[in-house]
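Novice: Give the three-dimensional model of this entry:
(one chain, ligands or ions: 3)
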Amino acid sequence: MARAFLIVMDSVGIGGAPDAHQFFNGTISDTGANTLAHIAQACARGEAEDGRHGPLALPTLANLGLGEAVRFASGEDAPGLGAATSGRWGAAQEISPGKDTPSGHWELAGLPVPWEWHYFPDTQASFPPEVLRAAAEASGTDGVLGNCHASGTAIIAELGAQHTQTGWPICYTSADSVFQIAAHEEHFGLERLYDLCRALAPMLHDMRVGRVIARPFVGSAEEGFTRTGNRKDFAIALPEAVLTNWVQDAGRRVYGVGKIGDIFSMTGIDELRKGDDEHLMGHLQDLVETAVDGSLTFANFVEFDSLYGHRRDISGYARALEWFDAQIGRLLPKLKEGDMLVLTADHGNDPSWPGTDHTREQVPVLVAGTGMGKIGQVGFVDVAASVAEHLGVPSQGPGRSFL
Ligand SMILES: O=P(O)(O)O[C@H]1O[C@H](CO)[C@@H](O)[C@H]1O
Ligand SMILES: [Mn+2]
Ligand SMILES: [Mn+2]
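Specialist: Ligands and ions are numbered 1, 2, ... in the order given. This is a model prediction of the structure:
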């Protein structure tokens, strides 16, 4: 029986979103942002030489049609990424009014976000007094630090010492609909940080804030502060059934890999495997060998976004892409008869763009296992419809299969 592997390369956008101009932060819009093309162009110019060298080398993804998808979506060149030779390729546009992880994944799973997210303003005080009061009360402190838009690594460098002295949690946000709380794992306590996030989540979800995110860190003022892998997202619940539910309701098994569990609040997921991207790749390789007939494996590889996109690290992003490409190259020959593997993304995060936020872009849709050729223009929801059709389960969303 057919199996499906749906793999999200977090933030690997390919430019060309027709509504990019609407994503304007008061200084610059996302028009022209192009994560993949700008990385490839920087590599070709010899400007991404940290831990790697030369033009971007993604032979497996290029064979599946990644270079073609970039050129199709945006008209921009992706040097080093030649013509498709083995896969089916297209470019997908998002309609949800958000360029964040939940919006992208929900829509890829067949559900465009049916509401406007609440965003906190990029002003001197980002959060309203009642939210600040609730945060201080729930943490048992006299106040909170931060209360602003920030990069997570920058704000712990700036306020980490004050946090360990006062015990006050660091609350910050971004261009996404998020309320993030950074706190020291030992001084403040990891479980206490999770409890704080859990306590605040209902109030923030009622305001249509998509996620409350625990951002624990360790270290000292002398040695510097570093975030740990114990990040935890408390996401708003999905208002309707999505691909994972459709598959599960048809009596099939659904494997989640990485952040998928958090993003879908575990709805429709039978089994979740977690870890850093290297471990996730091990889980994926294992699932290609062991996932049961008729199953869906839904994976997210987040480090493109979290370690390199937000940090505006072009070399690091290129290294991560080259590592990922080599791993997928090892995995494809292990696919079984009847398997379909789809590679896509949830939004952009152009490391050459000003700021540290996501960028509104189209995303690639690369399909292995169902022949080759151009799919062309599709919507995010069409990914869910296509996976459902491949598995032979009823598609309940607005998408149309491109198979
Ligand atoms: O700068 P850090 O803390 O990594 O924050 C990033 O992580 C958040 C959640 O993915 C995004 O909204 C972005 O702001
Ligand atoms: Mn994302
Ligand atoms: Mn992100």
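Novice: what about the residue in the chain that ligand 2 sits nearest to, neighbour count?
Specialist: Relative to ligand 2, the nearest point of the chain is Thr101 (3.3 Å; Cβ to the ion). (C-beta placed from N, C-alpha, C; glycine too.) When neighbours are counted by other Cβ atoms under 10 Å, Thr101 registers 27.
Novice: Over to Gly329?
Specialist: Using other Cβ under 10 Å, Gly329 has 14 neighbouring residues.
Novice: how much space between it and His205?
Specialist: 41 Å (Cβ to Cβ, to the nearest Å).
Novice: For my notes, confirm Glu76 occurs in a helix.
Specialist: No: per DSSP: H, G, I helix; E, B strand; the rest coil, Glu76 lies outside any helix segment and is coil.
Novice: For the remainder of this discussion, apply numbering that starts at 12.
Specialist: Done: numbering now begins at 12, and the last item shifts to Glu87.
Novice: you'd agree it is up against Ala44?
Specialist: No: at 10.6 Å, Glu87 does not count as touching Ala44 under the criterion of Cβ atoms under 8 Å.
Novice: list the residues that contact both of the two?
Specialist: Taking Cβ atoms under 8 Å, 6 or more residues apart in numbering as the contact definition, Glu87 and Ala44 share the neighbouring residues Gly26.
Novice: For those two, indicate the residue with more neighbours.
Specialist: Using other Cβ under 10 Å, the more surrounded residue of Glu87 and Ala44 is Ala44, with 27 against 17.
Novice: and the gap between the more buried one and ligand 1?
Specialist: Distance, Ala44 to ligand 1, by Cβ to the nearest ligand atom, to the nearest Å: 15 Å.
Novice: just His195 next, same as before
Specialist: For His195, the distance to ligand 1 - Cβ to the nearest ligand atom - is 15 Å.
Novice: In terms of pLDDT, where does the nearest residue to that residue once chain neighbours are set aside sit?
Specialist: Using Cβ to Cβ, 6 or more residues apart in numbering and skipping the chain neighbours, the partner closest in space to His195 is Thr175 (5.6 Å). Per-residue confidence (pLDDT) for Thr175: 98.
Novice: With Asn36 instead?
Specialist: 88.
Novice: So what's the residue count around it?
Specialist: 13.
Novice: Just confirm it contacts Asp368, I think it does.
Specialist: Yes: assessed by Cβ under 8 Å, Asn36 is found in contact with Asp368 at 7.2 Å.
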